[in-house]
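Chemist: Sequence first, predicted coordinates after that:
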Amino acid sequence: MKKRVPTEKEIANKHGVSVDYVIRQAEIGSAVEREHATSHQEAYDIALQHIAEFPDYYKHLLPMEKKLKDEWRKKAKTFKEFREIAEGAAWTRKAGQNKNGGLNEKGRKSYERENPGSDLKAPSKKVGNPRRDSFCARMKGMKKKLTSKDTARDPNSRINKSLRAWNC
């Protein structure tokens with residue numbers, strides 16, 4: 001069920017501002033909300049709903065977004081780090097994944113930055129290695145319980161690639 005959108009006049013009366021002010025704010029807001037909507041009217045309605053709560057919503061939103069971006073840029077020492085913060089860590093994206101399964105060096109370093117104390121190492125194919133034995137036991141159990149039959153049979157699924165990389 002769609003939420004009722006208040007009129008410009010209702011919002012103006014509620015907050016004690018002019019209808020023109022509400023319309024100006026709604027136009028600014030509709031430009032912002034266009035990224036979430038499929039039409040100008042839908043974006044305008046979203047903007048009106050925000051303005052119904054706070055009449056100066058967009059007056060504060062744009063400077064706040066700029067301030068947040070600036071703060072994140074300062075936190076990131078390099079553009080590469082900023083991109084990683086904005087897009088997500090490398091270990092969660094293709095850039096940090098080994099095409100043959102598991103994480104590549106970039107992915108392991110990215111994971112370790114986000115999870116201090118972790119110490120990921122490259123896969124070990126050596127039979128008798130306790131790390132390999134533990135990994136293979138865990139992943140085979142996950143493959144049986146947590147994957148669909150199609151994924152389990154797919155030689156290119158991430159889990160099958162990982163099992164191959166560890167020689168399981």
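Modeler: All right, it came through fine.

Chemist: Which parts of the chain are strands?
Modeler: With strands called from DSSP state E, the chain shows none.

Chemist: how about the helices of it, start to end?
Modeler: 8-15, 19-33, 40-53, 57-75, 79-87, 105-114, 130-146, 149-153, 158-165 (DSSP state H).

Chemist: weakest of these by average pLDDT?
Modeler: Least confidently modelled of these is helix 79-87, at a mean of 66 by mean pLDDT.

Chemist: Show me the one of the helices of the chain that comes nearest Lys99.
Modeler: helix 158-165 (8.0 Å; Cβ to Cβ). Any C-beta I mention is one placed from the backbone N, CA and C, and that applies to glycine too.

Chemist: got the angle for that closest one vs helix 130-146?
Modeler: 150 degrees (axes from the mean of the first three to the mean of the last three Cα atoms, to 10 degrees).

Chemist: what about the closest residue to His36 other than its chain neighbours, how many neighbours?
Modeler: Using Cβ to Cβ, 6 or more residues apart in numbering and skipping the chain neighbours, the partner closest in space to His36 is Ile46 (6.4 Å). When neighbours are defined as other Cβ atoms under 10 Å, Ile46 has 20 of them.

Chemist: could you dump the helices of the chain to CSV with distance to Lys99?
Modeler: Below are the helices of the chain laid out as CSV (distance: least, Cβ to Cβ, whole Å):
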stretch, distance to Lys99
helix 8-15, 54
helix 19-33, 39
helix 40-53, 41
helix 57-75, 30
helix 79-87, 19
helix 105-114, 12
helix 130-146, 18
helix 149-153, 18
helix 158-165, 8
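
Chemist: got the contact list for the residue nearest to His36?
Modeler: 29-30, 33, 36-37 (Cβ atoms under 8 Å, 6 or more residues apart in numbering).

Chemist: Drop anything exposed from these.
Modeler: By neighbour count, with 16 or more other Cβ atoms under 10 Å, the contacts of Ile46 hold 29-30, 33 as buried.
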